[in-house]
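Participant: for reference, the sequence and a predicted model appear below.
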Amino acid sequence: MDLISVFDLSRVEIEAILNTAEGLRTERKEGKRTSNALEGKSLALIFEKPSTRTRVSFEVAMLELGGNVISLNRNELQLGRGERIRETAKVFSSYVDAVMIRAFQHSTIQEFARYASIPVINGLSDLEHPCQTLADLMTIKSYKNSLTGVKVAWIGDGNNVCNSLIGGCAITGMAISVACPRGYEPDAKIVKRAAELGCEVNITEDAKEAATDADVLSTDVWVSMGDEDETKSRKNAFKKYQINEDLIRDAKEDVIVMHCMPVHVGEEMTEEVINSNKAVIFEQAENRLHAQKALILTLLK
Ligand code: CP
Ligand code: NVA
């Protein structure tokens, strides 16, 4: 089994992962950090782009589960000198038990998985970020007790993180409104797939409309990794798409504010909001560790 798209997981599988993750979070808070569940197992992490949370949370997850982890930059591998993905995938399959890849192109991860005989995890591509969604769902559930019926509002770029969150909402019974400028909408195929699951995906250019009565406000950077050439036009297009105190007033009183991080303070979120008691971004980042531990246990058991 792979996790390349959030749609690779069913509702039952997501619920099981979240339950395991919650148990692991409780145990860790009680001081039980390590187990030998993955003794003798190895996970490789391949990065084409920088990472703080994904790399550190996967490394610590493997170490605390008693397994081994190898983090590699693509350019350290022969991939960087033109070795094909298919041979690389076959070779990795004979050394390690699973591989996580952070890639510019979603198709790179799909191709790796096609030739690998081990589980392949998407650690972020241009299309999706399913590991982030698992942590996001865990965070929402811990604040709202249940996912069913929760109303999420996404403010800003309809990017990889947004796409996977839409899928996560659809699978778990949440509604989502996306406020974005024209031309920056989420992936049409993902929106269609969410609708087929009965999810209301409302897409609007009006941030206030999306935020109205929301239980969750979430956003991400205006300029994702790989979009740097468009920095000027994006900063211009997204000026009105900021989570600030004014926007929060349109949401429910007990709204939580989320961001996958890294945050560009003063762009998609104000300093005031980051420091407010509505922001749950550090729990969200911590939940990457617990959710990924549960995911690895699921894929490697
Ligand atoms: N949210 C997230 O994936 O962060 P990193 O880019 O630091 O891994
Ligand atoms: N959308 C951002 C997420 C970073 C975690 C990017 O792809 O750069």
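Facilitator: That came through fine. Note that the structure is predicted; figures quoted are calculated from it, not measured. Numbering: from 1, shown residues only. Ligands and ions are numbered 1, 2, ... in the order given.

Participant: just give the nearest non-adjacent residue to residue 169, would you?
Facilitator: Distance criterion Cβ to Cβ, 6 or more residues apart in numbering; nearest residue to residue 169, sequence neighbours excluded, is residue 176 at 4.4 Å. Heads up, the C-betas are built off the backbone N, CA and C, glycines and all.

Participant: CA-only coordinates of whatever helix or strand the one you found lives in in CSV, if you can.
Facilitator: Following DSSP states H and E, one finds residue 176 within strand 175-179. Only the C-alpha atoms of strand 175-179 are listed here, as CSV (Å, rounded to 0.1, in the frame of the first residue of the first chain):
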residue,chain,number,x,y,z
ALA,A,175,-17.6,20.7,4.2
ILE,A,176,-14.9,23.1,2.7
SER,A,177,-15.1,26.6,1.2
VAL,A,178,-12.0,27.7,-0.7
ALA,A,179,-11.5,31.5,-1.2
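
Participant: I'd like the average pLDDT over the helix or strand following it.
Facilitator: The helix or strand immediately downstream of strand 175-179 is helix 188-196, counting by DSSP H and E. Mean pLDDT, helix 188-196: 97.

Participant: what angle do helix 188-196 and strand 175-179 make?
Facilitator: Here the directions of helix 188-196 and strand 175-179 differ by 150 degrees (axes from the mean of the first three to the mean of the last three Cα atoms, to 10 degrees).

Participant: mind listing what's buried along helix 188-196?
Facilitator: Residues of helix 188-196 classed as buried under the neighbour-count rule (16 or more other Cβ atoms under 10 Å) are 190, 191, 193, 194.

Participant: which neighbouring elements make contact with the strand holding residue 176?
Facilitator: strand 151-155, helix 160-172, strand 201-204, helix 207-211 (3 or more Cβ pairs under 8 Å, 6 or more residues apart in numbering; DSSP states H and E).

Participant: minimum distance to residue 124: which of those has it?
Facilitator: Among the helices and strands packed on strand 175-179, helix 160-172 comes nearest to residue 124, with 6.3 Å by Cβ to Cβ.

Participant: report whether the closest one contacts ligand 2.
Facilitator: Yes - counting by Cβ under 6 Å from any ligand atom, ligand 2 is contacted by helix 160-172 at 160, 161.

Participant: what angle do that helix and strand 151-155 make?
Facilitator: Taking the same axes, to 10 degrees, one finds helix 160-172 and strand 151-155 inclined to each other by 170 degrees.

Participant: is ligand 1 contacted by helix 160-172?
Facilitator: No - judged by Cβ under 6 Å from any ligand atom, helix 160-172 and ligand 1 are separated, with a smallest distance of 7.4 Å.

Participant: and stretch 49-56, by the same measure?
Facilitator: Yes - against ligand 1, stretch 49-56 shows contacts by Cβ under 6 Å from any ligand atom at 51, 52, 53, 54.

Participant: what of stretch 290-298?
Facilitator: No - for stretch 290-298, no contact with ligand 1 is found by Cβ under 6 Å from any ligand atom; the gap never falls below 10.8 Å.

Participant: show me what that stretch is in contact with.
Facilitator: With contacts defined as Cβ atoms under 8 Å, 6 or more residues apart in numbering, stretch 290-298 is touched by 1, 3, 13, 16-18, 20-22, 24-25, 28, 37-38, 43, 57-58, 61-62, 64-65, 67, 98, 121, 131, 134-135, 137-138.

Participant: quick check: pLDDT value at the residue in the stretch 201-301 of the chain positioned nearest to ligand 1.
Facilitator: When distances are taken as Cβ to the nearest ligand atom, the stretch 201-301 of the chain reaches nearest to ligand 1 at residue 260, 3.9 Å away. With respect to pLDDT, residue 260 scores 98.

Participant: and it, what does it touch?
Facilitator: Residues near residue 260 by Cβ under 8 Å, 6+ apart: 53, 129, 132, 136, 161, 220, 284.

Participant: tell me which of the contacts of stretch 290-298 fall in strands.
Facilitator: Under the assignment DSSP state E, the contacts of stretch 290-298 contribute 43, 98, 121 to strands.

Participant: need those residues in a markdown table with distance to residue 297 and pLDDT, can you?
Facilitator: Shown next, in a markdown table, are the ones in strands among the contacts of stretch 290-298 (distance: Cβ to Cβ, whole Å; pLDDT from 0 to 100):
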| residue | distance to residue 297 | pLDDT |
| --- | --- | --- |
| 43 | 12 | 98 |
| 98 | 11 | 98 |
| 121 | 13 | 98 |
